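**Q** here's a sequence, model it:
(chains A, B, C and D)
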2 protein chains.
Amino acid sequence: MPPRHKSAPASAEHAPLQLEHFLPYRLSILSNTISQTIAGDYQRRYDLSMTEWRVMAVLARFDGLSAREVAERTAMDKVAVSRALARLVGAGRVDRHTHDGDKRRSVLSLTDSGWAMHDDVAPMARAREREVLAKLDAEERQWLERILDKLLEQQ
Amino acid sequence: MPPRHKSAPASAEHAPLQLEHFLPYRLSILSNTISQTIAGDYQRRYDLSMTEWRVMAVLARFDGLSAREVAERTAMDKVAVSRALARLVGAGRVDRHTHDGDKRRSVLSLTDSGWAMHDDVAPMARAREREVLAKLDAEERQWLERILDKLLEQQ
DNA sequence: CCGTTATAGTTACAAGTGAAACCAATTGCA
DNA sequence: TGCAATTGGTTTCACTTGTAACTATAACGG
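**A** Below you'll find the model as predicted:
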(Lines give C-alpha, C1' and ligand atoms only; values in the text may rest on other atoms or scores of the structure.)
Protein backbone atom coordinates (compact mmCIF):
# COMPACT_ATOMS: atom_id res chain seq x y z
CA MET A 1 0.00 0.00 0.00
CA PRO A 2 1.44 3.39 -1.00
CA PRO A 3 1.67 6.22 1.55
CA ARG A 4 -1.51 8.31 1.76
CA HIS A 5 0.03 11.68 1.07
CA LYS A 6 3.37 12.58 -0.31
CA SER A 7 4.83 15.51 1.58
CA ALA A 8 8.56 14.96 1.36
CA PRO A 9 9.19 16.14 -2.20
CA ALA A 10 7.16 19.28 -1.72
CA SER A 11 8.97 20.29 1.46
CA ALA A 12 12.33 19.79 -0.15
CA GLU A 13 11.76 22.18 -3.05
CA HIS A 14 9.05 24.51 -1.82
CA ALA A 15 9.50 24.99 1.92
CA PRO A 16 5.78 24.97 2.69
CA LEU A 17 4.54 26.69 5.80
CA GLN A 18 3.84 24.48 8.77
CA LEU A 19 0.59 26.02 9.84
CA GLU A 20 0.63 24.26 13.19
CA HIS A 21 3.89 25.96 14.12
CA PHE A 22 3.10 29.28 12.54
CA LEU A 23 2.56 31.95 15.19
CA PRO A 24 -0.14 33.98 13.42
CA TYR A 25 -2.17 30.86 12.77
CA ARG A 26 -1.84 29.58 16.30
CA LEU A 27 -2.81 32.91 17.78
CA SER A 28 -5.82 33.06 15.53
CA ILE A 29 -7.04 29.61 16.57
CA LEU A 30 -6.51 30.36 20.25
CA SER A 31 -8.15 33.75 20.12
CA ASN A 32 -11.16 32.48 18.18
CA THR A 33 -11.66 29.52 20.47
CA ILE A 34 -11.63 31.66 23.60
CA SER A 35 -13.78 34.44 22.19
CA GLN A 36 -16.30 31.97 20.83
CA THR A 37 -16.62 30.27 24.19
CA ILE A 38 -17.34 33.52 25.97
CA ALA A 39 -19.66 34.77 23.25
CA GLY A 40 -21.55 31.49 23.48
CA ASP A 41 -22.17 32.15 27.16
CA TYR A 42 -23.93 35.42 26.71
CA GLN A 43 -25.59 34.61 23.41
CA ARG A 44 -27.25 31.66 25.06
CA ARG A 45 -28.63 33.86 27.80
CA TYR A 46 -29.12 37.18 26.04
CA ASP A 47 -29.45 38.22 22.44
CA LEU A 48 -26.09 39.93 22.39
CA SER A 49 -23.31 39.88 19.82
CA MET A 50 -19.63 40.18 20.65
CA THR A 51 -19.44 43.73 19.35
CA GLU A 52 -22.46 44.67 21.43
CA TRP A 53 -20.89 43.14 24.51
CA ARG A 54 -17.70 45.06 23.99
CA VAL A 55 -19.60 48.30 23.69
CA MET A 56 -21.39 47.55 26.93
CA ALA A 57 -18.13 46.69 28.63
CA VAL A 58 -16.53 50.03 27.82
CA LEU A 59 -19.66 51.93 28.77
CA ALA A 60 -19.58 50.13 32.08
CA ARG A 61 -16.16 51.55 32.71
CA PHE A 62 -16.49 54.93 31.07
CA ASP A 63 -19.88 56.45 31.41
CA GLY A 64 -20.87 59.19 28.99
CA LEU A 65 -18.57 58.31 26.12
CA SER A 66 -19.48 59.29 22.58
CA ALA A 67 -19.78 56.68 19.84
CA ARG A 68 -16.40 57.63 18.44
CA GLU A 69 -14.76 57.23 21.81
CA VAL A 70 -16.38 53.83 22.17
CA ALA A 71 -14.94 52.91 18.79
CA GLU A 72 -11.47 53.95 19.91
CA ARG A 73 -11.63 52.00 23.15
CA THR A 74 -12.98 48.84 21.55
CA ALA A 75 -10.75 48.96 18.46
CA MET A 76 -13.89 48.60 16.38
CA ASP A 77 -14.78 50.81 13.47
CA LYS A 78 -17.45 53.44 13.81
CA VAL A 79 -19.93 51.64 11.60
CA ALA A 80 -19.83 48.56 13.79
CA VAL A 81 -20.26 50.72 16.86
CA SER A 82 -23.16 52.58 15.32
CA ARG A 83 -24.93 49.33 14.56
CA ALA A 84 -24.24 47.85 17.97
CA LEU A 85 -25.57 50.99 19.60
CA ALA A 86 -28.70 50.96 17.50
CA ARG A 87 -29.52 47.49 18.80
CA LEU A 88 -28.52 48.24 22.38
CA VAL A 89 -30.55 51.43 22.52
CA GLY A 90 -33.45 49.61 20.88
CA ALA A 91 -33.27 46.86 23.47
CA GLY A 92 -33.20 49.40 26.28
CA ARG A 93 -29.70 48.48 27.42
CA VAL A 94 -28.10 51.81 26.59
CA ASP A 95 -29.27 55.38 26.96
CA ARG A 96 -28.32 57.83 24.28
CA HIS A 97 -28.73 61.56 24.31
CA THR A 98 -27.18 64.43 22.53
CA HIS A 99 -24.20 66.31 23.85
CA ASP A 100 -25.01 69.84 24.98
CA GLY A 101 -22.90 72.16 22.96
CA ASP A 102 -22.13 69.66 20.20
CA LYS A 103 -25.24 68.26 18.66
CA ARG A 104 -23.27 65.80 16.54
CA ARG A 105 -21.99 63.85 19.51
CA SER A 106 -23.94 61.32 21.47
CA VAL A 107 -23.60 60.79 25.17
CA LEU A 108 -23.94 57.14 26.05
CA SER A 109 -24.50 55.24 29.24
CA LEU A 110 -25.92 51.95 30.41
CA THR A 111 -29.50 51.84 31.59
CA ASP A 112 -30.42 49.96 34.74
CA SER A 113 -31.32 47.03 32.54
CA GLY A 114 -27.95 47.36 30.80
CA TRP A 115 -26.19 47.34 34.15
CA ALA A 116 -28.09 44.26 35.19
CA MET A 117 -26.99 42.46 32.07
CA HIS A 118 -23.44 43.66 32.54
CA ASP A 119 -23.35 42.49 36.13
CA ASP A 120 -24.47 39.09 34.99
CA VAL A 121 -22.18 38.75 31.98
CA ALA A 122 -18.95 40.23 33.35
CA PRO A 123 -18.42 37.49 35.95
CA MET A 124 -18.98 34.80 33.32
CA ALA A 125 -16.39 36.42 31.09
CA ARG A 126 -13.94 36.65 33.94
CA ALA A 127 -14.56 33.04 34.86
CA ARG A 128 -13.73 31.97 31.30
CA GLU A 129 -10.54 33.98 31.42
CA ARG A 130 -9.61 32.23 34.66
CA GLU A 131 -10.33 28.86 33.04
CA VAL A 132 -7.84 29.67 30.32
CA LEU A 133 -5.22 30.99 32.71
CA ALA A 134 -5.63 27.94 34.91
CA LYS A 135 -3.77 25.96 32.28
CA LEU A 136 -0.67 27.98 33.10
CA ASP A 137 1.38 28.21 36.26
CA ALA A 138 2.16 31.51 37.93
CA GLU A 139 5.45 31.97 36.14
CA GLU A 140 3.93 31.34 32.73
CA ARG A 141 1.14 33.77 33.46
CA GLN A 142 3.65 36.47 34.24
CA TRP A 143 5.55 35.84 31.06
CA LEU A 144 2.38 35.85 29.03
CA GLU A 145 1.43 39.21 30.48
CA ARG A 146 4.82 40.63 29.65
CA ILE A 147 4.90 39.15 26.16
CA LEU A 148 1.46 40.48 25.30
CA ASP A 149 2.46 43.90 26.58
CA LYS A 150 5.42 43.93 24.26
CA LEU A 151 3.61 42.57 21.24
CA LEU A 152 0.69 44.93 21.63
CA GLU A 153 2.77 48.02 22.20
CA GLN A 154 2.44 50.41 19.27
CA GLN A 155 5.16 49.87 16.67
CA MET B 1 -14.80 72.02 34.96
CA PRO B 2 -16.31 68.67 35.89
CA PRO B 3 -14.45 65.42 35.04
CA ARG B 4 -15.24 64.16 31.53
CA HIS B 5 -16.42 60.71 32.51
CA LYS B 6 -17.37 59.34 35.84
CA SER B 7 -15.96 55.87 36.30
CA ALA B 8 -15.40 55.61 40.01
CA PRO B 9 -18.98 54.99 41.17
CA ALA B 10 -19.52 52.35 38.51
CA SER B 11 -16.37 50.42 39.37
CA ALA B 12 -17.22 50.43 43.02
CA GLU B 13 -20.61 48.78 42.65
CA HIS B 14 -20.38 46.95 39.37
CA ALA B 15 -16.81 45.74 38.88
CA PRO B 16 -16.70 46.47 35.14
CA LEU B 17 -14.32 44.56 32.95
CA GLN B 18 -11.10 46.32 32.04
CA LEU B 19 -10.97 45.41 28.40
CA GLU B 20 -7.37 46.52 28.06
CA HIS B 21 -6.27 43.97 30.66
CA PHE B 22 -8.65 41.23 29.64
CA LEU B 23 -6.79 38.34 28.08
CA PRO B 24 -9.39 37.31 25.49
CA TYR B 25 -9.68 40.86 24.25
CA ARG B 26 -5.95 41.39 24.05
CA LEU B 27 -5.43 38.15 22.20
CA SER B 28 -8.14 39.08 19.76
CA ILE B 29 -6.59 42.46 19.00
CA LEU B 30 -3.13 40.97 18.59
CA SER B 31 -4.29 38.11 16.41
CA ASN B 32 -6.38 40.34 14.17
CA THR B 33 -3.60 42.86 13.75
CA ILE B 34 -1.08 40.23 12.73
CA SER B 35 -3.42 38.29 10.46
CA GLN B 36 -4.59 41.47 8.76
CA THR B 37 -1.04 42.53 8.04
CA ILE B 38 -0.20 39.24 6.39
CA ALA B 39 -3.49 39.03 4.52
CA GLY B 40 -2.87 42.54 3.22
CA ASP B 41 0.41 41.36 1.72
CA TYR B 42 -1.07 38.67 -0.45
CA GLN B 43 -4.34 40.42 -1.18
CA ARG B 44 -2.41 43.30 -2.62
CA ARG B 45 -0.51 40.98 -4.91
CA TYR B 46 -3.01 38.24 -5.60
CA ASP B 47 -6.75 38.00 -5.29
CA LEU B 48 -6.57 35.63 -2.36
CA SER B 49 -8.52 35.53 0.90
CA MET B 50 -7.13 34.30 4.19
CA THR B 51 -9.17 31.12 4.02
CA GLU B 52 -7.92 30.48 0.51
CA TRP B 53 -4.35 31.02 1.60
CA ARG B 54 -4.72 28.58 4.44
CA VAL B 55 -6.10 25.95 2.11
CA MET B 56 -3.13 26.45 -0.18
CA ALA B 57 -0.73 26.25 2.73
CA VAL B 58 -1.97 22.85 3.86
CA LEU B 59 -2.07 21.53 0.30
CA ALA B 60 1.52 22.63 -0.04
CA ARG B 61 2.41 20.42 2.86
CA PHE B 62 0.00 17.56 2.32
CA ASP B 63 -0.61 16.77 -1.27
CA GLY B 64 -3.73 14.80 -2.16
CA LEU B 65 -5.88 15.68 0.83
CA SER B 66 -9.65 15.60 0.56
CA ALA B 67 -11.72 18.70 1.31
CA ARG B 68 -12.69 17.30 4.69
CA GLU B 69 -9.07 16.70 5.60
CA VAL B 70 -8.24 20.24 4.56
CA ALA B 71 -11.02 21.44 6.84
CA GLU B 72 -9.57 19.46 9.75
CA ARG B 73 -6.06 20.77 9.23
CA THR B 74 -7.10 24.39 8.84
CA ALA B 75 -9.69 24.36 11.63
CA MET B 76 -12.16 25.77 9.13
CA ASP B 77 -15.61 24.39 8.51
CA LYS B 78 -16.37 22.40 5.39
CA VAL B 79 -18.50 25.10 3.78
CA ALA B 80 -15.69 27.61 4.01
CA VAL B 81 -13.31 25.07 2.54
CA SER B 82 -15.72 24.22 -0.25
CA ARG B 83 -16.01 27.88 -1.20
CA ALA B 84 -12.28 28.49 -1.00
CA LEU B 85 -11.68 25.47 -3.20
CA ALA B 86 -14.25 26.57 -5.75
CA ARG B 87 -12.33 29.81 -6.19
CA LEU B 88 -8.92 28.22 -6.16
CA VAL B 89 -9.88 25.58 -8.69
CA GLY B 90 -11.55 28.26 -10.81
CA ALA B 91 -8.40 30.37 -10.70
CA GLY B 92 -6.28 27.38 -11.69
CA ARG B 93 -4.36 27.29 -8.42
CA VAL B 94 -5.64 23.91 -7.30
CA ASP B 95 -6.30 20.67 -9.12
CA ARG B 96 -9.26 18.61 -8.04
CA HIS B 97 -10.18 15.13 -9.09
CA THR B 98 -12.26 12.36 -7.68
CA HIS B 99 -10.90 9.67 -5.44
CA ASP B 100 -10.79 6.25 -7.08
CA GLY B 101 -12.89 3.94 -5.02
CA ASP B 102 -14.83 6.70 -3.24
CA LYS B 103 -16.56 9.01 -5.63
CA ARG B 104 -17.63 11.34 -2.84
CA ARG B 105 -14.12 12.38 -1.96
CA SER B 106 -11.99 14.83 -3.82
CA VAL B 107 -8.26 14.59 -4.24
CA LEU B 108 -6.64 17.98 -4.11
CA SER B 109 -3.25 19.34 -5.02
CA LEU B 110 -1.62 22.57 -6.06
CA THR B 111 -1.10 23.24 -9.74
CA ASP B 112 2.19 24.66 -11.00
CA SER B 113 0.58 28.07 -10.86
CA GLY B 114 -0.57 27.33 -7.31
CA TRP B 115 2.95 26.35 -6.35
CA ALA B 116 4.32 29.53 -7.86
CA MET B 117 1.93 31.60 -5.81
CA HIS B 118 2.74 29.60 -2.71
CA ASP B 119 6.45 30.03 -3.21
CA ASP B 120 5.94 33.75 -3.43
CA VAL B 121 3.55 34.13 -0.52
CA ALA B 122 5.09 31.76 2.03
CA PRO B 123 8.29 33.80 2.46
CA MET B 124 6.27 36.98 2.96
CA ALA B 125 4.22 35.29 5.65
CA ARG B 126 7.34 34.02 7.35
CA ALA B 127 8.91 37.45 7.18
CA ARG B 128 5.89 38.96 8.93
CA GLU B 129 6.10 36.31 11.61
CA ARG B 130 9.76 37.20 12.13
CA GLU B 131 8.83 40.88 12.39
CA VAL B 132 6.47 40.07 15.22
CA LEU B 133 8.91 37.81 17.00
CA ALA B 134 11.64 40.41 16.67
CA LYS B 135 9.87 42.38 19.37
CA LEU B 136 10.75 39.62 21.82
CA ASP B 137 14.07 38.38 23.06
CA ALA B 138 15.07 34.74 22.86
CA GLU B 139 13.83 33.90 26.31
CA GLU B 140 10.44 35.47 25.71
CA ARG B 141 10.11 33.63 22.44
CA GLN B 142 10.70 30.33 24.19
CA TRP B 143 8.12 31.09 26.82
CA LEU B 144 5.60 32.15 24.21
CA GLU B 145 6.10 28.87 22.38
CA ARG B 146 5.59 26.94 25.55
CA ILE B 147 2.56 28.95 26.65
CA LEU B 148 0.84 28.59 23.29
CA ASP B 149 1.49 24.87 23.35
CA LYS B 150 -0.23 24.60 26.69
CA LEU B 151 -3.14 26.86 25.86
CA LEU B 152 -3.80 25.18 22.55
CA GLU B 153 -3.56 21.65 23.87
CA GLN B 154 -6.98 19.99 23.74
CA GLN B 155 -8.84 20.38 27.03
C1' DC C 1 -29.40 -7.95 -1.10
C1' DC C 2 -32.17 -3.85 0.41
C1' DG C 3 -33.38 -0.18 3.39
C1' DT C 4 -31.36 2.79 6.89
C1' DT C 5 -27.80 5.63 8.41
C1' DA C 6 -23.54 8.13 7.82
C1' DT C 7 -20.23 10.79 5.13
C1' DA C 8 -18.29 14.18 1.39
C1' DG C 9 -19.31 18.07 -0.56
C1' DT C 10 -22.42 21.88 -2.51
C1' DT C 11 -26.26 25.09 -2.51
C1' DA C 12 -29.51 28.44 -0.60
C1' DC C 13 -30.78 31.81 2.49
C1' DA C 14 -30.21 34.81 6.34
C1' DA C 15 -27.35 37.53 9.02
C1' DG C 16 -23.06 40.09 9.67
C1' DT C 17 -19.36 43.14 7.93
C1' DG C 18 -16.66 46.81 5.45
C1' DA C 19 -16.08 50.61 2.30
C1' DA C 20 -17.94 54.43 0.50
C1' DA C 21 -21.46 57.73 0.20
C1' DC C 22 -24.08 60.52 2.81
C1' DC C 23 -26.18 64.13 6.22
C1' DA C 24 -25.78 67.32 9.84
C1' DA C 25 -23.18 70.07 12.95
C1' DT C 26 -18.83 72.28 13.91
C1' DT C 27 -14.37 74.33 13.16
C1' DG C 28 -10.86 76.92 10.73
C1' DC C 29 -9.57 80.68 8.35
C1' DA C 30 -9.55 84.24 4.56
C1' DT D 1 -18.82 86.86 8.74
C1' DG D 2 -19.16 83.11 5.24
C1' DC D 3 -17.54 79.21 2.98
C1' DA D 4 -14.46 75.26 2.73
C1' DA D 5 -12.81 71.52 5.34
C1' DT D 6 -13.45 68.46 9.28
C1' DT D 7 -15.88 65.60 12.43
C1' DG D 8 -19.69 62.54 14.46
C1' DG D 9 -22.69 59.45 13.12
C1' DT D 10 -25.92 56.74 9.91
C1' DT D 11 -27.24 54.52 5.63
C1' DT D 12 -26.48 51.90 1.57
C1' DC D 13 -24.61 48.33 -1.21
C1' DA D 14 -21.75 44.65 -2.23
C1' DC D 15 -19.48 40.95 -0.24
C1' DT D 16 -18.49 37.45 3.28
C1' DT D 17 -19.86 34.12 6.55
C1' DG D 18 -22.66 30.67 9.14
C1' DT D 19 -26.48 27.48 9.43
C1' DA D 20 -29.38 24.37 7.57
C1' DA D 21 -31.02 21.83 3.88
C1' DC D 22 -29.80 19.11 0.07
C1' DT D 23 -27.46 15.61 -3.38
C1' DA D 24 -24.68 11.81 -4.17
C1' DT D 25 -22.11 8.06 -2.68
C1' DA D 26 -20.72 4.66 0.65
C1' DA D 27 -21.13 1.74 4.84
C1' DC D 28 -23.89 -0.89 7.96
C1' DG D 29 -27.26 -4.29 9.68
C1' DG D 30 -30.87 -7.31 9.26
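**Q** okay, and the helix or strand of chain A with the least pLDDT?
**A** For chain A, counting by mean pLDDT, DSSP states H and E, helix A:8-14 ranks last in confidence among helices and strands (a mean of 58).
**Q** please tell me how far residue A:51 sits from chain B.
**A** For residue A:51, the distance to chain B (CB to the nearest CB, to the nearest Å) stands at 11 Å. Quick note: C-beta positions are derived from backbone N, CA and C, even for glycine.
**Q** now the closest residue to that residue other than its chain neighbours: how far from residue A:45?
**A** Excluding the flanking residues, the one nearest residue A:51 by CB to CB, 6 or more residues apart in numbering or on different chains is residue A:84, at 4.7 Å. For residue A:84, the distance to residue A:45 equals 18 Å [CB to CB, to the nearest Å].
**Q** between the two, which one's more packed in?
**A** residue A:84 (25 against 12; other CB atoms under 10 Å in any protein chain shown).
**Q** what's the pLDDT at the more buried one?
**A** Looking at residue A:84, its pLDDT reads 96.
**Q** and it, what does it touch?
**A** Applying CB atoms under 8 Å, 6 or more residues apart in numbering or on different chains to residue A:84 gives the contacts A:49, A:51, A:52, A:54, A:55, A:76.
**Q** which of the residues you listed lies closest to chain B?
**A** The nearest member of the contacts of residue A:84 to chain B, counting by CB to the nearest CB, is residue A:54 at 6.9 Å.
**Q** neighbours of that closest one, just the number please.
**A** 23.
**Q** give me the element it is part of.
**A** Element membership of residue A:54, judged by DSSP states H and E, is helix A:50-61.
**Q** quick one: check the helix or strand just after that helix for contact with DNA strand D.
**A** Per DSSP H and E, the first helix or strand lying C-terminal to helix A:50-61 is helix A:67-74. Yes - for helix A:67-74, a contact with DNA strand D is found by CB under 7 Å from any atom of the strand, at A:67, A:68, A:69.
**Q** now do the second one against residue A:57, distance only.
**A** In this case it means residue A:68. Residue A:68 is 17 Å from residue A:57, by CB to CB.
**Q** and for the last one?
**A** Separation of residue A:69 from residue A:57 (CB to CB) stands at 14 Å.
**Q** so for the two, which residue has more residues nearby?
**A** Neighbour count, other CB under 10 Å: between residue A:69 and residue A:57, residue A:57 has more, with 23 against 19.
**Q** give me the three-state assignment for the closest residue to the more buried one other than its chain neighbours.
**A** In space, and not counting its chain neighbours, residue A:57 is closest to residue B:17: 4.7 Å by CB to CB, 6+ apart. Under DSSP: H, G, I helix; E, B strand; the rest coil, residue B:17 falls in the coil class.
**Q** is it true that residue B:17 touches residue A:59?
**A** No - with contacts counted by CB atoms under 8 Å, residue B:17 stays clear of residue A:59, the gap being 11.0 Å.
**Q** between these two, which one's more packed in?
**A** residue A:59 (28 against 24).
**Q** the more buried one touches residue A:94, doesn't it?
**A** Yes - taking contacts as CB under 8 Å, residue A:59 lies within contact range of residue A:94: 6.5 Å.
**Q** list the residues that are in contact with both of the two.
**A** A:108, A:109, A:110, A:114.
**Q** and the residue nearest to residue A:57, what pLDDT?
**A** Value for residue B:17, per-residue pLDDT: 88.
**Q** can you report phi and psi for it?
**A** In terms of degrees, to the nearest 10, the main-chain angles of residue B:17 are phi -70, psi 140.
**Q** same question, residue A:35
**A** Torsion angles, degrees, to the nearest 10, at residue A:35: phi -60, psi -40.
**Q** burial measure for residue A:150, as a count.
**A** Residue A:150 has 13 nearby residues by other CB under 10 Å.
**Q** do the same with residue A:133
**A** For residue A:133, the tally of surrounding residues (other CB under 10 Å) stands at 16.
**Q** likewise for residue A:134?
**A** Residues contacting residue A:134 under the criterion other CB under 10 Å number 9.
**Q** which pLDDT does the model give it?
**A** So residue A:134 comes in at 97 (pLDDT).
**Q** do you know how far it is from DNA strand D?
**A** Distance of residue A:134 to DNA strand D, given as CB to the nearest atom of the strand, to the nearest Å: 27 Å.
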